[in-house]
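1. No sequence on hand, only this structure:
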């Protein structure tokens, strides 16, 4: 089996997703998913309030009023409302360029709620921070675009994640092994057992299965494909009948404490 390495990148203005897939000759596929946030954009604002339930604030007019009164200097600010007020001029001026995706989403919810529940105060706020009327338009466009980008990233990432899940199985190179031919011929069956039990050198096919044997025992064939489970099932069934002593040696080698074999057999029993 030849080694290969493939790299798939999904980039945007704020997020890069990288998939590294490497297949090795021991039939294992190693998959690393790295999500690198903020490679192209530097987020400048603190994430201290990123977990704030902004929807609950918008739904409570009394709480929303506290923000309005602070922003318009009609009442003293709390620490929370002051934190937002101090950033608001720059956020409006730069169309939330330094906001992270969570902050953009929450700001959109806040502004939409403010416009819906307090339209007069919302317009007054726009005049206060954007007397020309151009900045809020750009801000609204940036926040809407951010929402669309996040949805598109989810759509684009889905097949990549599906590929990651698929890669968490052993190589299917030998899934077409004629297991019935193997178990029907005793010398061939013993040849596999001798390979697995370190009694003789392995051929290429036997080596592939042997390399996965320890993990397959330990994890009850969790990474096996349906075909591999069937192969394993028929192999163990016929070993039980035709080579019980060799099977006993196999279990002692790969499950010395007798913790895994019963679970393995149960896992592949219906394959």
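-> That came through fine. Nothing here was measured: the structure is a model prediction, and the numbers come from that model.

2. quick one, strands of the protein?
-> 4-11, 15-23, 29-37 (DSSP state E).

3. What is the burial count for residue 116?
-> Using other CB atoms under 10 Å, residue 116 has 10 neighbouring residues. (Each C-beta comes from the backbone N, C-alpha and C, glycine too.)

4. Show the pLDDT at it.
-> Confidence at residue 116, expressed as pLDDT, is 92.

5. Residue 44 too?
-> pLDDT, residue 44: 76.

6. you'd agree it is up against residue 98?
-> Yes - the pair residue 44 / residue 98 is scored as a contact, 3.8 Å apart, by CB atoms under 8 Å.

7. Compare these two and say which is more crowded by neighbours.
-> residue 98 (15 against 12).

8. surely that one meets residue 45?
-> Yes - assessed by CB under 8 Å, residue 98 is found in contact with residue 45 at 5.8 Å.

9. Mutual contacts of the two, please.
-> Both residue 98 and residue 45 lack any common contacting residue under the criterion CB atoms under 8 Å, 6 or more residues apart in numbering.

10. the helices in this protein, which residues?
-> Secondary structure of the chain (DSSP state H): helices at 54-59, 61-71, 79-93, 101-117, 119-129, 135-167, 179-184, 186-196, 204-218, 226-242, 244-254, 261-268.

11. how many neighbours does residue 70 have?
-> Residues near residue 70, counting by other CB under 10 Å: 20.

12. residues in contact with it?
-> Applying CB under 8 Å, 6+ apart to residue 70 gives the contacts 76, 77, 78, 81, 82, 84, 85.

13. change it to 10 Å
-> Counting by CB atoms under 10 Å, 6 or more residues apart in numbering, residue 70 makes contact with 76, 77, 78, 80, 81, 82, 83, 84, 85, 88.

14. mind listing what the residue nearest to the last one when sequence neighbours are not counted touches?
-> Okay, so that is residue 88. Excluding the flanking residues, the one nearest residue 88 by CB to CB, 6 or more residues apart in numbering is residue 129, at 6.2 Å. By CB under 10 Å, 6+ apart, the contact list for residue 129 reads 71, 88, 89, 91, 92, 93, 135, 136, 139.

15. mind checking pLDDT for residue 129?
-> The model's pLDDT for residue 129 equals 87.

16. go on, residue 152?
-> 52.

17. what does residue 170 give?
-> 89.

18. How many neighbouring residues does it have?
-> The burial count for residue 170: 22, using other CB under 10 Å.

19. Surely it touches residue 231?
-> No - the pair residue 170 and residue 231 fails to qualify as a contact (CB atoms under 10 Å) at a distance of 11.0 Å.

20. Quick check: residue 230 vs residue 99, distance?
-> 53 Å (CB to CB, to the nearest Å).
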